[in-house]
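**Student:** Curious how this folds, go ahead:
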Amino acid sequence: MEWNPETLQFLSQCFLNTLSPLPEPRRRAEAALAEAADKLNYGLAVLRLVAEPSVDEQIRQAAAVNFKNTLKAHWAPLTNDPSMASHTIPDPEKDQIKSLIVTLMVNSSPRIQAQLSEALTIIGKHDFPKAWPTLLPELVLTLDRLSQANDYVSVSGVLTTINSLFKKFRYQFKTNELLLDLKYCLDNFAKPLLEVFKRTASLIDQVSTSGATHASSLKPYIESQRLCCRIFYSLNFMELPEFFEDHMEEWMIEFKKYLTVKYPSLEDSGNDGLALVDELRAAVCENISLYMEKEEDLFQKYLSGFVEAVWGLLVVASASSSRERLTVTAIKFLTIVSASVHHTLFARDDILHQICQSIVIPNVMLREEDEELFEMNYVEFIRRDMEGSDLDTRRRIACELLKGIATNYKEKVTEKVAAQIQLLLASFSENPAANWKHKDCAIYLVVSLATKKAGGSSVSTDLVNVESFFGSVIVPELQSQDVDGFPMLKAGALKFFTTFRNQISKPIAMALLPDVVRFLGSESNVVHSYAASCIEKLLLVKDESGGARYSAMDISPFLLLLMTNLFNALQKPESEENQYVMKCLMRVLGVANVSHEVALPCINGLTSVLNRVCENPKNPVFNHYLFESVALLIRRACEQDPSLITALETSLLPSLQMILSRDVTEFFPYAFQLLAQLVDLNRPPLPGNYMEIFAILLLPESWKKSANVPALVRLLQAFLRKAPHELNQQGRLSSVLGIFNTLVSSPSSDEQGFYVLNTVIENLGYDVISTYISHIWVALFNRLQHNRTVKYVKSLVIFMSLFLVRHGSQNLVGSMNAVQPDVFRTILEQFWIPNLKLITGSLELKLTSVASTRLICESLTTSDSKLWGKMLDSIVTLLSRPEQERVEEEPDVPDFGETVGYNTTFVNLYNAGRREEDPLPEINDPKQFLVASLANLSAHSPGTYPRIINENLEPANQAALLQLCSSYNLTIV
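**Tutor:** Sure, this is the predicted structure:
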């Protein structure tokens, strides 16, 4: 695409039309731009349009966004696919873009500058610093020129770009390459960063002392200092560089100033002035926290000054709800100090009292925004409150400060906080309606400061006596008949019950469970979610012997009400896909006695929910619990009464058929697993509607999506077991083996291919498969020859072993040699013997060792003593050495060709699974089988086998074999 007036006109018109409110011109313009994007120099032409001052600002801004998105898609190939290389911007065009972008960014208006800064960051992510060595020197010169010219809007633009480029030093894994990049950035930017920081600090001082300060003149300087602080954080994140150590004093003087000095003209001006200054202070707090963690000794001389400054800030900031980020970062700093060797700063009683009263209580107390979140966004409220992702909120971090101090002053902290809790409860008692937040605060403190016992879900607290506190503070809330009154207090009470569920005795918990079931009817999403979570977690509690504390008998008196309330909760606004309610439903089905009266309403309820979510699947966690619930219901109901399968099918099959017919691809893997479960539970002959599904299953199109393959294999295996006779009709077996051939040819699906093949070999007679066996071996040998992996060879050894135990060694050897003379010996020498020791899994180990034992006792003769001896050596290694000694981890290499773009992922349904069947139930001990077989074999030609064993087995394996003979009181003669 040449740059000329026609190109300028064409692009300008296109970008103008992309802003049109009318859909047709907008679509045409987007299509024209998409087509032009594949042309040479398109990115460069768009950048030149952005630089063209005669073009309208709106058009240039749209072009800047397009330019950024073009770089995102075409600067570097997104995959290892060579065909994508043609869509990558060529190097000469890249060089021209890189030569223009910095100057253009600096000279643009703020909105265009922001887009070009992002575009520059995209390039930098791939090219900086190695493929763009001129960038940092150019940015340094530009920054120096702009700051001297007092153009701080552009200074911030440059610093924003540098900040984005340097962020990788915070998040990427430390490697030699990354350290070299860091050294390059330090060598080129540590000094200029300090210079611009000090120059800006001096300007702030001048403006602040001039008297008639205007907020607009301070704003760009403060923003520039904030960005300098973020860059400081990135450059110091891995370790303290020498330059920063040498100049620590200069940095720390300014840092402390920003924590102690007020800027009234900006902070009192409204228009986010206070928020801007607080962002700078928060960045300073993060920097001093970093130094406190990494360089405590060097930082020590500044510590008490900073603690005092942060303390002063906190007392004021804690009272304001709009200063959350500053509050959180400041408390984090004090928390780090409290757990360090400088903890004595917090030792005095009056300081502890002040921390509780002026920092902890104000930050833990509920605020208006907490109430808004509770009502307007229950998912986010729960994520923060119950799932522990609120470490960056005032409430949680305030409690973390107390925990930090308690590492050295536990008794003092316990005493102070316990006293505060009693004051809060007393305040609530005086006026419950007005002071309900005080009670919530007391409950929150007890729950958040509870300590978790290692390796379990049990928690403990020294702040209160749990049973007494539960009885006097929590029970009244749970027994309240108004499930919708004071919902935040009810949620806190339910959370307390959930947290201390192990300590609350069974009789007390059982007496309150019907009350918790009532709370499932609350209109508050948080309350009925917490009620569901409480029940779900209670049903997981173990008693001291390790068994479940709560049984089917315990919940049976109110089971129907519980199920009704759970399904009703899923009808409430915003809770149609409530994962806590569905998880509770799943847990109840796992514990309850699933009788006929429970199973039928429940399957109808679940299929109704399933039909609804099929319209628009949104919540993958909810969906997974939904399908697990269905699988669990089928399993538990049919365990009690196998005849229920018909009623369950009547309800469920239309929903599963709808998933397939409407192409709800997200649910395909689940649907196939449930169908497999239903097939497994049927008795042959299978009903006609299943044979229709079998026909769909055999179509090649069904297998094209890799996410469906494991579930389809599971379904195919179920059909092969239940309908082996139908398999040999209408060319079905040929189709099944075609599927096997496709799966086994790719490293990403070969294991699934073997599952299919093993099921065929296991369930069909040799007379049926003999027609196809040569084709099977050809497919297996081709893959072995052209693209073998350790995983493939192990699967092949397992298959050959299964073939041998099902159809005999003679058929195994004969069918292989029919494909190629004496190929069996080659496979044995090169693959079976060397890889036998790599087999893992108890059933697989038993199968392969027994098959290998039968091979040396039935097919191999002593005329080839070396081969016989090596095979025995491998069998003994497999049976006598622990897995970690004989197996090396093989890295799992993904098949990139199949993972490009959006893919539905396969998620295994635990409750739809099928227990693996032992192909050799008659053999209990493979070691005994080996020794008995060898003893029997050697009895026919005494003296032959001890010599072969002596010549071919490793000394360790000879000793192991002798030990086995001794253990089973058998002898090889």
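
**Student:** Could you list the low-pLDDT ranges of the stretch 201-350 of the chain?
**Tutor:** Along the stretch 201-350 of the chain, the model assigns pLDDT under 70 to residues 211-213, 271.

**Student:** how about the helices in it?
**Tutor:** 215-236, 242-246, 248-260, 264-267, 273-294, 296-317, 324-338, 349-354 (DSSP state H, counting those that start in this stretch).

**Student:** The shortest one packs against which elements?
**Tutor:** Yep, that's helix 264-267 we're talking about. Under the contact criterion of 3 or more Cβ pairs under 8 Å, 6 or more residues apart in numbering; DSSP states H and E, helix 264-267 touches helix 215-236, helix 273-294. (Each C-beta comes from the backbone N, C-alpha and C, glycine too.)

**Student:** re the thing from before, to M582, which of the helices of the stretch 201-350 of the chain lies closest?
**Tutor:** helix 324-338 (32.5 Å; Cβ to Cβ).

**Student:** The closest one - contacts with which helices or strands?
**Tutor:** Using 3+ Cβ pairs under 8 Å, 6+ apart, helix 324-338 is in contact with helix 273-294, helix 296-317, helix 394-430.

**Student:** Dump it to PDB, restricted to CA.
**Tutor:** What follows is helix 324-338, C-alpha atoms only, in PDB (Å, rounded to 0.1, in the frame of the first residue of the first chain):
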ATOM      1  CA  GLU A 324      -9.000   2.300  49.900                       C
ATOM      2  CA  ARG A 325      -5.800   1.700  47.800                       C
ATOM      3  CA  LEU A 326      -3.700   4.000  49.900                       C
ATOM      4  CA  THR A 327      -5.100   2.400  53.100                       C
ATOM      5  CA  VAL A 328      -4.300  -1.100  51.900                       C
ATOM      6  CA  THR A 329      -0.800  -0.400  50.700                       C
ATOM      7  CA  ALA A 330       0.000   1.500  53.900                       C
ATOM      8  CA  ILE A 331      -1.300  -1.300  56.200                       C
ATOM      9  CA  LYS A 332       0.700  -3.800  54.100                       C
ATOM     10  CA  PHE A 333       3.900  -1.900  54.900                       C
ATOM     11  CA  LEU A 334       3.100  -1.800  58.600                       C
ATOM     12  CA  THR A 335       2.300  -5.600  58.400                       C
ATOM     13  CA  ILE A 336       5.700  -6.400  56.900                       C
ATOM     14  CA  VAL A 337       7.400  -4.300  59.600                       C
ATOM     15  CA  SER A 338       5.300  -6.000  62.400                       C
END
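
**Student:** how much distance is there from it to the middle of the chain?
**Tutor:** Relative to the centre of its chain, helix 324-338 is centred 28 Å away, using Cα atoms, centre = their mean, to the nearest Å.

**Student:** so it versus helix 273-294, what angle?
**Tutor:** Per axes from the mean of the first three to the mean of the last three Cα atoms, to 10 degrees, the angle that helix 324-338 makes with helix 273-294 is 20 degrees.

**Student:** hang on, the earlier thing: now the helices and strands packed on helix 264-267 as CSV including mean neighbour count and distance to L860?
**Tutor:** Listed next are these as CSV, based on neighbours: other Cβ atoms under 10 Å; distance: least, Cβ to Cβ, whole Å:
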stretch, mean neighbour count, distance to L860
helix 215-236, 22, 66
helix 273-294, 21, 65
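
**Student:** what's the closest of those helices to P25?
**Tutor:** Nearest to P25 among those is helix 215-236; the distance by Cβ to Cβ comes to 38.7 Å.

**Student:** all helices of the stretch 851-973 of the chain, in order?
**Tutor:** Under DSSP H, counting those that start in this stretch, the stretch 851-973 of the chain gives helices at 865-880, 883-886, 926-939, 944-952, 955-967.

**Student:** Pull out the buried positions in the third one.
**Tutor:** Going by neighbour count (16 or more other Cβ atoms under 10 Å), the buried part of helix 926-939 is 926-927, 929-931, 933-935, 937-938.

**Student:** How about the first one?
**Tutor:** Buried residues in helix 865-880, counted by 16+ other Cβ under 10 Å: 865, 867-880.

**Student:** Check the offset of it from the chain's centre.
**Tutor:** That offset, for helix 865-880, works out to 44 Å (Cα atoms, centre = their mean).

**Student:** angle of it against helix 926-939?
**Tutor:** Using the same axes, to 10 degrees: helix 865-880 against helix 926-939 is 150 degrees.

**Student:** contacting residues around helix 865-880?
**Tutor:** With Cβ atoms under 8 Å, 6 or more residues apart in numbering as the test, helix 865-880 has contacts from 825, 828-829, 832-834, 836-837, 839, 845, 848-849, 852-853, 855-856, 860-862, 886, 926-927, 930, 934, 948-949, 951-954, 957, 960-961, 963-964.

**Student:** how does it look with 6 Å?
**Tutor:** 833, 836-837, 849, 852, 856, 860, 886, 927, 948, 952-953, 957, 960-961 (Cβ atoms under 6 Å, 6 or more residues apart in numbering).

**Student:** ditto for the third one
**Tutor:** Contact partners of helix 926-939, identified using Cβ under 6 Å, 6+ apart, comprise 846, 849-850, 853, 857, 879, 923, 945, 964-965, 968, 970, 972-973.

**Student:** Quick check on the residues you listed: which are buried?
**Tutor:** The buried subset of the contacts of helix 926-939 (16+ other Cβ under 10 Å) comprises 846, 849-850, 853, 857, 879, 923, 945, 964-965, 970, 972.

**Student:** got a markdown table for those, with pLDDT and distance to E372 too?
**Tutor:** Shown next, in a markdown table, are the buried ones among the contacts of helix 926-939 (pLDDT from 0 to 100; distance: Cβ to Cβ, whole Å):
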| residue | pLDDT | distance to E372 |
| --- | --- | --- |
| K846 | 95 | 61 |
| S849 | 96 | 65 |
| V850 | 96 | 67 |
| T853 | 95 | 71 |
| C857 | 91 | 77 |
| L879 | 94 | 66 |
| I923 | 93 | 67 |
| Y945 | 90 | 83 |
| L964 | 94 | 72 |
| C965 | 94 | 77 |
| L970 | 90 | 78 |
| I972 | 88 | 81 |
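
**Student:** For L656, state which of those residues is nearest.
**Tutor:** K846 (35.9 Å).

**Student:** Report the separation between the closest one and V328.
**Tutor:** Distance from K846 to V328, counting by Cβ to Cβ, to the nearest Å: 57 Å.

**Student:** one step back: among the buried residues of helix 926-939, which two are most distant?
**Tutor:** Going by Cβ to Cβ, the pair spanning these furthest: P926 and S938, at 18.5 Å.
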